[in-house]
Each structure stands twice: as structure tokens, then as C-alpha cells.
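Here you go, sequence then predicted model.
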Amino acid sequence: RSMIGRTLPFGHAMQLLESVRSHYILRPNILNIEIEATRLTKKGEKASTNRAQKITVVGSLNGQLQDLLTVFTLSGALPTQSNSNHFVFSGNIVGSSPMSCETFLLLCALKKVAPNRVDILRGSNESRLMSLEHNFTAELRVKYGEENGDIMFRKFQECFDTLPLGMCVELKTQNPESNL
């Protein structure tokens, strides 16, 4: 059966949130991402940098699941451990869209599948105050019932609290001829 238009079961959603929370809990608030590029030279030619590992930085999704799916379509691939695409989602993942829950849970699933190729940063919408203002609690209550919705909201907040606040990207180059 297709899951399109259906809410992820409560237990599975809780496991995904816990997976992301436990990944980030002991990590620094600023991510360090290294990109490797190889500089190749031939005698008499200038050094040129080959195409580096690709980083796709995605701004505020505000719960727009269709926008997230479009990002993956335009980038050419979903993140996997075997490809060189690195996706960074720069916060404000949830918002006033009725698909905020699904948008964040999809990113959690991708983080679990490709932990070194997906990173999620915390934006202002991932704060308790903004989550309440954008009716994120109401969305979760509609989808999971009042009691489970409140439990789910607390779990989302625990996860949000562990997300890094920023990132630093470092380009590492290596010239194979000089063994640098």
C-alpha cells in the first residue's frame, strides 16, 4: 500500500526522532564539513581543481514537503552513503504548512539512511515558541490524537534542541604529485 497521504505510524515517527536526537546530542553546535578536491597537474600545465564533492544547502522549507521533493528532483539524487552529494538543511524545516511533520520526518529518515550525507541545522521555527506560534502542536494533535500529539511534540522538541546551529565548510585540496 502507498504511504502517500498517510501519516507515519506513531512508533516509527518516535524512532526516527530519537535516531536524529541521539546522533546530534554529543556533537558540537557548529558542524564542520570537509570537502575533498584533488588538484591535478601535468608538466607545463597550470593546476586545476577537479569537481569537488557536491554540497546542496537548502534554506527554509517551512514545512513545504513538495519543495523538499523538488530539491531532490533537481539535484538528481536522494542522499545515500555511496554518492558524493551532501545535503545541508539550514533550519526552519517546520512552519505553518500542514505537512511540517512529514517534511521533518522525511529528513530524519534520510539522516538515518545516510548519516554522513545529510545534516539538519536548527532554525528559529524549531524553537518551542515558534513551533507553538506556527500551530505545529495542532498539526501533531490532528495527525496523532491529542495525547499522542502532545507526546510527539515533546519528542520533536527534544530532537530540535540537539540540532546544530551553524556550519563551517572547509575545502581540502591535495596535489598527488607533491604528496601534500
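That came through fine. Residues are numbered from 1 along each chain as shown.

biggest helix in this protein by residues?
helix 146-162 (DSSP state H).

following it, which helix or strand comes up?
Where DSSP states H and E defines the elements, the next helix or strand beyond helix 146-162 is strand 166-174.

Packing partners of that following strand?
Contact here means 3 or more CB pairs under 8 Å, 6 or more residues apart in numbering; DSSP states H and E; on that basis strand 166-174 packs against strand 30-40. No exception for glycine: its C-beta is placed from N, CA and C like everyone else's.

mean confidence score for the strand it packs on?
Average pLDDT, strand 30-40: 75.

Just give the number of residues close to Ser82.
Residues contacting Ser82 under the criterion other CB atoms under 10 Å number 7.

That one - that's part of a helix, no?
No: counting by DSSP: H, G, I helix; E, B strand; the rest coil, one finds Ser82 to be coil, located in no helix.

which residue sits closest to Thr162, ignoring its sequence neighbours?
Tyr24 (4.0 Å; CB to CB, 6 or more residues apart in numbering).

mind checking pLDDT for that neighbour?
The model's pLDDT for Tyr24 equals 96.

residue contacts, it?
Thr162, Leu163, Pro164 (CB atoms under 8 Å, 6 or more residues apart in numbering).

Cross-check the contact I'm expecting between the first one and Arg21.
This means Thr162. Yes: the criterion here is CB atoms under 8 Å, and Thr162 meets it with Arg21 at 5.1 Å.

Show residues contacting stretch 141-150.
Thr7, Phe10, Ala13, Cys101, Thr137, Leu140, Ile151, Met152.

please redo it, this time with the cut-off set to 10 Å
6-10, 13-14, 98, 101-102, 135-140, 151-153 (CB atoms under 10 Å, 6 or more residues apart in numbering).

list the buried ones in that stretch?
Neighbour-count burial for stretch 141-150, counted by 16 or more other CB atoms under 10 Å, picks out Arg141, Lys143, Tyr144, Gly149.

What separation do you get for the last one and Leu31?
Counting by CB to CB, to the nearest Å, the gap from Gly149 to Leu31 is 31 Å.

Could you list the low-pLDDT ranges of this protein?
For the chain, applying pLDDT under 70 flags the ranges 1-5, 37-52, 174-180.

Can you tell me which residue is spatially central in it?
In the chain, the centroid-proximal residue (CA atoms, centre = their mean) is Ile120; its distance is 3.4 Å.
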